[in-house]
Structures are given as structure tokens and as C-alpha cells.
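Engineer: Need coordinates for the following:
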Amino acid sequence: MSNISIQSNESISSSRKKIIVLGSGPNRIGQGIEFDYCCVHGLLAIKECGYEAIMINCNPETVSTDFDMADKLYFEPVYWEHLWEIIELEKPEGVIVQLGGQTALKLSKRLHEKGIKIIGTSFENMDIAEDRGRFSDLLKELEIPYPNYGTAYTADEAIEVANKVGYPVLVRPSYVLGGQRMRIVINDEEVEKACINIFKHIPDNKILIDHFLDRCQEAEIDAIYDGENFHVMGVMEHIEPAGIHSGDSNAVLPAFNLSPLIVETMEYYSEKIAKALNIKGLINIQFAIKDGKVYVIEANPRASRTTPFIAKAYQIPYLNIATKIMLGEAKLSDFTIEKKLTGFAIKEPVFSFNKFPGVNKELGPEMKSTGEAIRFIKDLRDPYFRTLYKERSMHLSK
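Structural biologist: Numbering: from 1, shown residues only. You can find the predicted model right below:
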């Protein structure tokens, strides 16, 4: 008796123009639920522009997977095999990868290779930002300060580079989520251990070795660029000292202890980077400030974990605006943007160590939070802020 394979498909493709939004997959350390906010507001913007909004995500705890949020929901793992089958059936106008965090962004290469349109910033420009070595080369061309760095493919090469750029160094792989496998090391032996750990879990990955700027302030900017105009959504200053992943840091909006010149310099560098990368939509840029000099650490060509935080703090629908810009349906000049915030907003990281009892609770360059909360204060005399800032001062004095 021969085996008979019966295939069925309950998804019926419509004749409407469609846009696919890729979600961030399951909640886990290194990636919280902030990107769900981004996806939801992206879906609403797509509908407003007259497209059929298609959501792909596999997390039942998110609003983006509510059955009535998108025009069509594919409750599937955010993996290439599932995505490709859906694309073949739906034949969308394009796919948005900027709203689903690093999980979605990592699929852009496969989309590019298959000739699928990526809505917003092109794959080539996103790849420059994601490849730590190429990005540092771009900063050099733009004459923007950055920590000394080098790249390596073996542990021996990494040791050689580390000695060249000077200890302490930050050892990290490219294309990772939440600072995965990043380590701050102080000698050759620790560099070798860090490299072996990276190659064990992420084979064939290029390693970047940065000189680590110790005892410095960290800050970040989230912005939108439409190809002509540049808009800074928010400037956030981290309370924790350098060496703590931005996702694990308490961040204050707007900056509270940076001079106007430093803030202006950060905004100037951000605009230069956005233009050089031809960003269409969102970008997040991380900075280190030491001895009055501003260094660029990295750029994320997508919605960041702090984008929803800024949108809520200023009461501005930034994700709706950014999505319409990605789609080519609007420019920044089409919107009246008025920031509404009395006092300051503090981004508080949320940790789930009780659910991961085996995880080392010590914070460092590898992200360990699973979300964030927002706290509003009237001024810097607030007891909560003063406690946080006192802890920061104690860290810096060590």
C-alpha cells in the first residue's frame, strides 16, 4: 500500500497589497517585550496607509499576536523556513524588520538574498551598522571618535589585537542579541577564554576587540531619518557606569548631567551616521563620554528597547510616524511633533532572576533584563533618583 500525503492550507491570500511585520519571538533574557509595542503600532500604521497588515510571531503573551490586531496573523516561529513559505503564498510588497528587535533584523540577509524588498533601511546599510568592524571603518571615514578596535578570527589573532589596542578590552562577536557572549577582559589568558567561549557557541563568527573606556558616562540617542530630515526622539543618560549593557541600565530622559555641548555633539554625530547609512526609519546610537570627549560605541538600525519608553514619556506616536516613513507614505515634515514631559522619565530595567535561578545576577556587558518599566519624577531631588545616583557614584569611586 502506497503512502499518500495530504496537504492542506487554511490561509487564503487576498488581492490586496500586503506588508509583513516580523516579531521578536519568545520572551527571553536579552530581549524583552518592548518590541511588541513597536510591532503593534507598526501594524496600525500599515492599516492606516491602506495595506493589508500581516504579523508573524510566536509569542502568546504579546498584543501583536491578538487575533484581531493584524489583518492576518501567522502564529509561527520567526525562522526563515516558516517566513519563506508565507512570503511565497502572500507575495507581499515588502517585509518590515526594524520593529522586531535583533531576531527580525537577523533575517534581513536571507530576505535580501531572495530578492524580497526590505521596507525602510536597505540590508546593505543595516549590515554596515551590524558588522562591528565595518561600522568602525565608517566612523573613521566620518571622523567620528570611537574606541580603538581590531578584528580577529582566531584566539591568537585576538590576543595580538588586544595587546595592540590596550587593556582592558571588550571582546564581542558580531550579529548578536543583547550583548550575548560579550566580555570585558584584562589580560591574554582572559582573551583566550572569551574567544573559545564565543567559537564554541557561535562558530565561524568574527570577533571584535575594542579598547574599553573605563570610568566614563554612557548615553544614547533614538532618532528618525526620512532621507531628508533628521529628528532626535530622545537623549538618554545612563545612571550606571560604563560596562553595564544599555538594556540593564537605568536611563534618564532627558539627559541630566551632560553639558549642552556634549548633547549637541551627540546629536551632530547621530545625524552624520544616519545620513551615511541612508537610514529610512529608526536608528539607535550608543555613546561613551570620557574627559569631555564623545565616542560612538555602536549603532542599531532599528527600533530599540527605549523607543516605546520615549514615545510614552513624550506622548508622541513615534512608531506610527516611523512606520509611515519606512513605507514611503510620509515625511517628518508631515507631522507636528510636540514633546510633553514635565520633569524627567526614568527607564527601569526589569529582571526575571526568580525564573532563571541558575543565572549569574552580576551585571555586565551581556544583557540580563527581560523588560523595562517607566518612572516619572518632578525633579532631580526625587529620593528614588538620588538613591540611584548615589549608587552610581559609589561604583565610579571603586
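Engineer: Any stretches of the stretch 251-398 of the chain with poor pLDDT?
Structural biologist: Along the stretch 251-398 of the chain, segments meeting pLDDT under 70 span 392-398.
Engineer: now the helices for it?
Structural biologist: Assigned by DSSP state H, counting those that start in this stretch, the helices in the stretch 251-398 of the chain fall at 260-276, 307-314, 318-326, 383-397.
Engineer: ok, and which of these has the densest surroundings?
Structural biologist: Here the criterion is mean neighbour count by mean count of other C-beta atoms under 10 Å, and of the helices of the stretch 251-398 of the chain the winner is helix 318-326, at a mean of 26. All C-beta spots, glycine's among them, are computed from the backbone N, C-alpha and C.
Engineer: could you dump the helices of the stretch 251-398 of the chain to TSV with distance to Met367?
Structural biologist: Written out in TSV, the entries for these read as follows (distance: least, C-beta to C-beta, whole Å):
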stretch	distance to Met367
helix 260-276	22
helix 307-314	15
helix 318-326	22
helix 383-397	18
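Engineer: closest one to Gly115 among these?
Structural biologist: Among the helices of the stretch 251-398 of the chain, helix 318-326 comes nearest to Gly115, with 18.8 Å by C-beta to C-beta.
Engineer: what's near enough to touch Tyr51?
Structural biologist: Residues near Tyr51 by C-beta atoms under 8 Å, 6 or more residues apart in numbering: 16-19, 93, 327.
Engineer: Report the buried members of these.
Structural biologist: Burial by neighbour count, judged by 16 or more other C-beta atoms under 10 Å, picks out 18-19, 327 from the contacts of Tyr51.
Engineer: how about those in a markdown table, adding distance to Glu228?
Structural biologist: Compiled in a markdown table, the buried ones among the contacts of Tyr51 are given as follows (distance: C-beta to C-beta, whole Å):
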| residue | distance to Glu228 |
| --- | --- |
| Lys18 | 27 |
| Ile19 | 23 |
| Leu327 | 16 |
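Engineer: Find me whatever residue is spatially closest to the residue nearest the centre of the chain, sequence neighbours aside.
Structural biologist: Centroid-nearest residue in the chain: Ser304, 3.9 Å away (criterion: C-alpha atoms, centre = their mean). The shortest distance from Ser304 to any non-neighbouring residue, by C-beta to C-beta, 6 or more residues apart in numbering, is to Asn284 (3.5 Å).
Engineer: again with Gly23
Structural biologist: Leaving out its chain neighbours, Gly23 is closest to Asn57 (C-beta to C-beta, 6+ apart), at 2.8 Å.
Engineer: Any idea what the one you found is bridged to?
Structural biologist: On the basis of DSSP bridges, Asn57 takes part in beta bridges with Phe75.
Engineer: burial of it, as a residue count?
Structural biologist: If you count neighbours by other C-beta atoms under 10 Å, Asn57 ends up with 27.
Engineer: dump the residue contacts of it.
Structural biologist: By C-beta under 8 Å, 6+ apart, the residues touching Asn57 are 22-25, 39, 64-65, 73, 75-76, 78, 100.
Engineer: Among those residues, which has the minimum pLDDT value?
Structural biologist: Per-residue confidence over these reaches its minimum at Gly25, where pLDDT is 86.
Engineer: tell me the contacts of that one?
Structural biologist: The contact partners of Gly25, taken as C-beta under 8 Å, 6+ apart, are 31, 57-59, 77-78, 100, 103.
Engineer: Same question for Ser122.
Structural biologist: Asn278.
Engineer: please redo it, this time with the cut-off set to 10 Å
Structural biologist: For Ser122, the contacting residues are 108, 112, 128, 277-280, 301, taking C-beta atoms under 10 Å, 6 or more residues apart in numbering as the criterion.
Engineer: so the residue nearest to Ser304 sits right up against Glu220, yeah?
Structural biologist: Yes. Using C-beta atoms under 10 Å as the test, Asn284 is close enough to Glu220 to be in contact (6.3 Å).
Engineer: Between those two, which contacts overlap?
Structural biologist: Here Asn284 and Glu220 share the contacting residues 236, 246, 270, 298, 300, 304, 306, scored by C-beta under 10 Å, 6+ apart.
Engineer: Tell me what the fourth one is bridged to.
Structural biologist: This means Glu298. In this structure, Glu298 bridges to Gln286 when assessed by DSSP bridges.
Engineer: Which residue ranges make up the domains of the protein?
Structural biologist: According to automatic domain parsing, the chain comprises the domains 18-119, 148-211, 217-397.
Engineer: Select, out of those, the one closest to Asn9.
Structural biologist: Ranking the domains of the chain by proximity to Asn9 (C-beta to C-beta) places domain 18-119 first, at 7.4 Å.
Engineer: Show the model's pLDDT score for Met1.
Structural biologist: As summarised for this prediction, Met1 has a pLDDT of 45.
Engineer: Renumber starting at 496 from here on
Structural biologist: Understood, numbering begins at 496; the last thing we discussed is Met496.
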